[in-house]
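Undergrad: No letters, just coordinates:
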């Protein structure tokens, strides 16, 4: 009876000792990991006398990086909508080119509707540029809208009067001008991306 009590007491003590030891080991591991992460983040593999300064420098760099990211988010908010309109205009242009490659009784009416969407998206992008007071890109969108009407829409042949054999020749000018518009959309989109990343806009000029 007495031996059983002693055995239980010893067993309980050993169990407690093991539990405490495991807790201590975990604390030591966490501490070592913290040191490793701190030294690595500060750009040093081992601690040194200047370690606090390195940590401060690392924190300062990360703060500057976070500030830059915030500025980029502000710029993206400023012109994000304009980029969306330009992307939609670019998609409308691609679809219009595909329409002209596949002639049917609705080709011209459908192409004209797509060109209307292109002009609407360009006008919407222009309004965003104007509101953001970024005039270097603003005129480009306006001139592209005018070009869409004059150099594409007015160059489309009457659907019912063109033979199948002459179709590609008749729509070639409109298709080539659509390709130029598509390239200009890409240029403006790249300009917006540059503004978001770097805070500067290139002096954009629409060059048909």
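TA: Arrived safely, thanks for sending. What you see is a predicted model, and the numbers here were worked out from it, not measured in a lab.
Undergrad: for this structure, what spans make up the helices?
TA: Applying DSSP state H to the chain gives helices spanning 2-41, 51-101, 107-131, 138-147, 164-198.
Undergrad: Now these in JSON lines, please, with extra columns for distance to residue 155, mean neighbour count and mean pLDDT.
TA: Yep, even glycine has a C-beta here, placed from its N, CA and C like the rest. Output for the helices of the chain, formatted as JSON lines (distance: least, C-beta to C-beta, whole Å; neighbours: other C-beta atoms under 10 Å; pLDDT from 0 to 100):
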{"stretch": "helix 2-41", "distance to residue 155": "61", "mean neighbour count": "10", "mean pLDDT": "63"}
{"stretch": "helix 51-101", "distance to residue 155": "11", "mean neighbour count": "16", "mean pLDDT": "78"}
{"stretch": "helix 107-131", "distance to residue 155": "11", "mean neighbour count": "19", "mean pLDDT": "90"}
{"stretch": "helix 138-147", "distance to residue 155": "11", "mean neighbour count": "19", "mean pLDDT": "75"}
{"stretch": "helix 164-198", "distance to residue 155": "4", "mean neighbour count": "17", "mean pLDDT": "88"}
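Undergrad: how about CSV for those helices, with distance to residue 157 added?
TA: CSV is the format used below for those (distance: least, C-beta to C-beta, whole Å):
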stretch, distance to residue 157
helix 2-41, 66
helix 51-101, 10
helix 107-131, 8
helix 138-147, 19
helix 164-198, 4
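Undergrad: Looking at the ones you listed, spot the one closest to residue 154.
TA: Across the helices of the chain, residue 154 has its closest neighbour in helix 164-198 (8.9 Å, C-beta to C-beta).
Undergrad: In terms of secondary structure, what does that closest one contact?
TA: helix 51-101, helix 138-147 (3 or more C-beta pairs under 8 Å, 6 or more residues apart in numbering; DSSP states H and E).
Undergrad: helices and strands around the shortest one, which ones?
TA: I take that to be helix 138-147. Other helices and strands packing on helix 138-147, by 3+ C-beta pairs under 8 Å, 6+ apart, are helix 107-131, helix 164-198.
Undergrad: What are the phi and psi values at residue 132?
TA: Note on residue 132: its backbone torsions stand at phi -80, psi 0 [degrees, to the nearest 10].
Undergrad: what's the distance between it and residue 74?
TA: 11 Å (C-beta to C-beta, to the nearest Å).
Undergrad: Reformat the helices and strands packed on helix 138-147 as TSV; add distance to residue 79.
TA: Shown next, in TSV, are the helices and strands packed on helix 138-147 (distance: least, C-beta to C-beta, whole Å):
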stretch	distance to residue 79
helix 107-131	7
helix 164-198	5
